[in-house]
Every structure is written in C-alpha cells, then in structure tokens.
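Enquirer: My questions concern the predicted model and sequence given below.
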Amino acid sequence: MENVITAENMRLYYGEKEALHGINLAFPKNQITALLGPSGSGKSTFLRSLNRMNDLIPDVTITGSVKFEGQDIYSPKMDVVNLRKRVGMVFQQPNPFPFSVYDNVIYGLKLEGVKDKKLLDQRVEESLKQAAVWDETKDHLKESALSFSGGQQQRICIARVLAVQPDMILMDEPTSALDPVSSSKIEDTMLELKNDYTVAIVTHNMQQAARISDYSAFFLNGDLIETEATQQMFVNP
Ligand code: ADP
Ligand code: ADP
C-alpha cells in the first residue's frame, strides 16, 4: 500500500529533553490512523512534526526523517508553506478567522492566487458540503464564522482545510471540545472523506478510534509501543 507520510527513526528534542525516542510510522493512503496514548506521551508532538508545525516552537531539534511523498520535509529545500497546504491541520479548539464563513473557506485559495469567482464559489460549496456544514451555512456565507456554534465552527475549519484539496489531514483531538452531536457529525464527515484523503487523528477516546480508524498507533512516554489494524485490536483473543 502506498504511504503518504513516513517517519523513520524520528527523534524530537525540546531543548535537551528527548520527547520522541525514534518513531517509525507510515500513514497509508486513504486510511485513517488514530494516535492513542496517555496525556504527555508525545501524540501531539508527533502530529505537529508531520507538517512542521513544530517550527513555531523555539528550541526544537529533530533527527531521523519524515518523508512526504518521498521528500524529506526537514530538508532546507522544503517549501514549508506548500507543505502545510498539502498536509492540513485541524486543532482541538475550533479556530476560524474572525471574518465571514466564505472568506474563511477561500483563505488558502486566495493565498494560491485563485481569483476566479465561479471557481471560488464552487470550492466553497463543495468544501462546506464535504465538511457536512453546508445546510447550516449556505444562507449565511457572509456572516462571521464566529457567530456559529462550536461544532459548526469546527466543521467550517475542516472545510477551510479541504478547500485547498490537501493530500493529508492532521487532526489533534478535533472533537474533544465539542458536544456529542457535533462530535458524531465530525466522525461521519471523516468516514465520508476517507476515499479522498489520508487522515491522522490524535484522540484519547478509544470508542472514537474504534469507530473511525483503520490503524491505531499507541504512544507511551515518547515511544511508539504498538501499531495495529484497529479491527484486530478490538477483537477479543
Ligand atoms: P500528548 O499529545 O500525548 O499529550 P505532547 O506531545 O503534548 O503529549 O507532550 C509530550 C511531552 O513533551 C510531554 O512531556 C510535554 O510536557 C512535552 N512538551 C510538549 N510540548 C512542549 C514544548 N513546547 N516545550 C517543551 N516540552 C513540551
Ligand atoms: P494537549 O495535551 O491538548 O496536546 P498540552 O496541555 O500538552 O495540550 O499542551 C498545550 C500547549 O503547551 C502546547 O502548545 C504544548 O506545546 C505546550 N506545552 C506542553 N507541555 C509543555 C512544556 N513542558 N513546556 C512548554 N510548553 C509545553
């Protein structure tokens, strides 16, 4: 199976402290991989090193390699802005920009220089539909994204990531700040998206991992201690 991202013997240091001790993990195309483990085990640190979000934290050192479509993302040649478009990120707290739903969704396309109004309109509709928030937003596209509920805001953020048609989506506990109804809508969305995207999701919710993921990777104290097909894991021996 083709892998979108492959981490090989990846170590990450915050200053002197080694937070990840040589992680080997590949993300198979069109599959959902859940990153599981107790708080502080390194899940978010690992997730953020897959699209260089760690660049934002001072004093981080990484050894080993992380390859995206065969290219080492920590190589000086890497175009980091493009990488973050190809490998999009959804955070725990919904973080729409303080402008309209429409302008949120087209943000990445604007950065790419897309000006064709018809194309922008089309991409807005498509992305909001894919993120299962079109019905609630279609008559309010010019309203501030901040006027929507937390669950709707999170789906608008997912639409914003989808609008640039990334290859991979990184999600850091995307439903843990949400009510059960919104969470389950986002889970449904993720299952729908599977045919088009590759997903890595940090979750502390085993039921969620069982419902949506194809693979489960367990972190403990900065080590990856086990990776298995999720179906195998939840079968009693
Ligand atoms: P998890 O996502 O599993 O809760 P984290 O990746 O957030 O774990 O944290 C892994 C370890 O790295 C923890 O010991 C945490 O305190 C440490 N850590 C996380 N972020 C930073 C940071 N910016 N600076 C220093 N240490 C950090
Ligand atoms: P979560 O468990 O939801 O990933 P954390 O509470 O571990 O969140 O971390 C929240 C923020 O604090 C993150 O940006 C992380 O990088 C930073 N952080 C976590 N642990 C440390 C630490 N020991 N020193 C400095 N920053 C940290």
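Expert: Cool, the structure landed. Numbering: from 1, shown residues only. Ligands and ions are numbered 1, 2, ... in the order given.

Enquirer: so who does the residue nearest the centre of the chain touch?
Expert: For the chain, the residue sitting closest to the mean C-alpha position, by CA atoms, centre = their mean, is residue 170 at 1.6 Å. Residue 170 makes contact with 47-48, 50-51, 87-90, 199-201, according to CB atoms under 8 Å, 6 or more residues apart in numbering. Where you see a C-beta, it was placed from the backbone N, CA and C, and this is true even at glycine.

Enquirer: For these, pick the one with the most neighbours.
Expert: Compared across the contacts of residue 170, residue 200 has the highest neighbour count, 28 neighbours, by other CB atoms under 10 Å.

Enquirer: Which single residue in the protein comes nearest to ligand 2?
Expert: Ranking the residues of the chain by distance to ligand 2 (CB to the nearest ligand atom) places residue 44 first, at 3.7 Å.

Enquirer: So that residue: helix, strand or coil?
Expert: Counting by DSSP: H, G, I helix; E, B strand; the rest coil, the backbone at residue 44 sits in helix.

Enquirer: That one and residue 202 touch, don't they?
Expert: Yes. Residue 44 is within contact range of residue 202, at 5.9 Å (criterion: CB atoms under 8 Å).

Enquirer: what do those two both touch?
Expert: Common contact partners of residue 44 and residue 202 (CB under 8 Å, 6+ apart): residue 172.

Enquirer: Up against ligand 1, what does this protein have?
Expert: 14, 19, 37, 39-45, 57, 219 (CB under 6 Å from any ligand atom).

Enquirer: of the residues you listed, buried ones?
Expert: 19, 37, 41-45, 219 (16 or more other CB atoms under 10 Å).

Enquirer: For the residues you listed, work out which two are farthest apart.
Expert: Taking CB to CB as the measure, those span a maximum distance of 12.7 Å, between 19 and 37.

Enquirer: Please enumerate the helices of the protein.
Expert: Assigned by DSSP state H, the helices in the chain fall at 43-48, 80-86, 101-105, 107-111, 117-130, 134-137, 150-162, 180-193, 206-212, 230-233.

Enquirer: could you say what helices and strands the first one packs with?
Expert: Applying 3 or more CB pairs under 8 Å, 6 or more residues apart in numbering; DSSP states H and E, one finds that helix 43-48 makes contact with strand 3-14, strand 17-28, strand 32-36, strand 168-172, strand 198-202.

Enquirer: Parallel or antiparallel, list what pairs with the fourth one.
Expert: Right, the one you point to is strand 168-172. The pairing partners recorded for strand 168-172 under DSSP bridges are strand 87-90 (parallel), strand 198-202 (parallel).

Enquirer: Return the helix or strand in the protein with minimum mean pLDDT.
Expert: None of the helices or strands of the chain scores lower by mean pLDDT, DSSP states H and E than helix 230-233, at a mean of 88.

Enquirer: how distant is that helix from the center of its chain?
Expert: Offset of helix 230-233 from its chain centre (CA atoms, centre = their mean, to the nearest Å): 22 Å.

Enquirer: Check what contacts it and list those residues.
Expert: With CB under 8 Å, 6+ apart as the test, helix 230-233 has contacts from 34, 209-210, 213-216.
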